[in-house]
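Asker: 3D, please:
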Amino acid sequence: MRYARNEGSAVQPDLLHNALLACQSGMQSLTQAPSYDDGLDEAPGSSEIGLHGSPRQCLQLLAPILRDLSQANSPGWLSLIDPPLPISQKWLRASGLDPQRILIIRSRRGMDSLRLCCEILELGYSHTVVSWLSDPDHGELLDRSARAGHCASLNIRMEVTS
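Answerer: Next up is the predicted model:
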């Protein structure tokens with residue numbers, strides 16, 4: 001499914017560049033592998049959620065999940081890769097999310113969203129990368145990239161009905 005690009009938003013490459021610089025200079029090092037002392041024996045990997053319904057219903061179901069992720073006591077960003085157009089800074093605030101901890105990254109026309117997602121995961125500057133990819137064969141690649149970057153990957157598969 002393709003979503004229209006939000007032409008009125010801030011320039012995303014500049015936001016990503018500024019975020020990476022902020023991570024490199026001000027935050028604790030994210031290049032070291034985190035320790036997993038929470039009783040779970042495995043590092044973060046990839047997960048997927050399937051939502052079916054109207055766009056408004058899907059976003060209402062998604063808001064609490066994103067809210068919990070944005071309030072996580074983890075260093076790094078909650079990065080949203082190519083979210084549906086209604087997800088914007090205004091929507092984040094209206095849904096009770098902290099937009100200062102969230103990066104919205106929209107690929108440009110012709111870019112491979114899966115490749116962009118994997119690159120963001122491997123950088124390790126996000127605690128969680130949320131994507132909206134429709135390719136069913138992306139799970140293993142996202143999982144490998146998430147483990148390489150020591151972060152979690154969540155793919156949202158939305159089947160929108162009228």
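
Asker: which helix runs longest in this structure?
Answerer: If you go by DSSP state H, the chain has its longest helix at helix 55-70.

Asker: can you tell me what sits against it?
Answerer: For helix 55-70, the external contacting residues (Cβ atoms under 8 Å, 6 or more residues apart in numbering) are 49, 51-53, 78, 80, 84, 86-87, 91-92, 95-98, 101-102, 127-128, 130, 154, 156, 158, 160. Quick note: C-beta positions are derived from backbone N, CA and C, even for glycine.

Asker: in contact with the closest residue in space to Leu123 that isn't next to it in sequence, which residues?
Answerer: In this structure, Leu123 finds its nearest non-sequential neighbour in Gly149, 5.9 Å apart by Cβ to Cβ, 6 or more residues apart in numbering. Gly149 is in contact with 121-124, 126, counting by Cβ under 8 Å, 6+ apart.

Asker: could you rerun that using 10 Å?
Answerer: By Cβ atoms under 10 Å, 6 or more residues apart in numbering, Gly149 lies in contact with 30-31, 33, 44, 76, 118-127, 129.

Asker: buried only: go through the contacts of helix 55-70 for me.
Answerer: 51, 78, 80, 84, 87, 91-92, 95, 97, 101-102, 127-128, 130, 154, 156, 158 (16 or more other Cβ atoms under 10 Å).

Asker: just the ones of these in helices?
Answerer: Counted as lying in helices by DSSP H, out of the buried ones among the contacts of helix 55-70, are 91-92.

Asker: buried ones in the longest helix of the chain?
Answerer: Along helix 55-70, these residues count as buried under the neighbour rule (16+ other Cβ under 10 Å): 55, 58-59, 62-63, 66, 69-70.

Asker: ok, so of those residues, who is nearest Glu140?
Answerer: Nearest to Glu140 out of the buried residues of helix 55-70 is Leu69 (Cβ to Cβ; 22.4 Å).

Asker: tell me how far that closest one lies from Val129.
Answerer: With the distance defined as Cβ to Cβ, to the nearest Å, Leu69 ends up 10 Å from Val129.

Asker: with just CA atoms, put stretch 79-89 into CSV.
Answerer: This file holds the C-alpha atoms of stretch 79-89, laid out as CSV (Å, rounded to 0.1, in the frame of the first residue of the first chain):
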residue,chain,number,x,y,z
SER,A,79,11.6,6.0,14.9
LEU,A,80,8.6,5.7,12.6
ILE,A,81,9.5,4.7,9.0
ASP,A,82,6.9,5.7,6.3
PRO,A,83,3.9,5.9,8.6
PRO,A,84,0.5,6.6,7.1
LEU,A,85,0.0,10.3,6.3
PRO,A,86,-2.3,11.1,9.2
ILE,A,87,0.6,10.3,11.6
SER,A,88,2.3,13.7,12.0
GLN,A,89,3.7,15.8,14.9
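
Asker: alright, that wraps it up for me.
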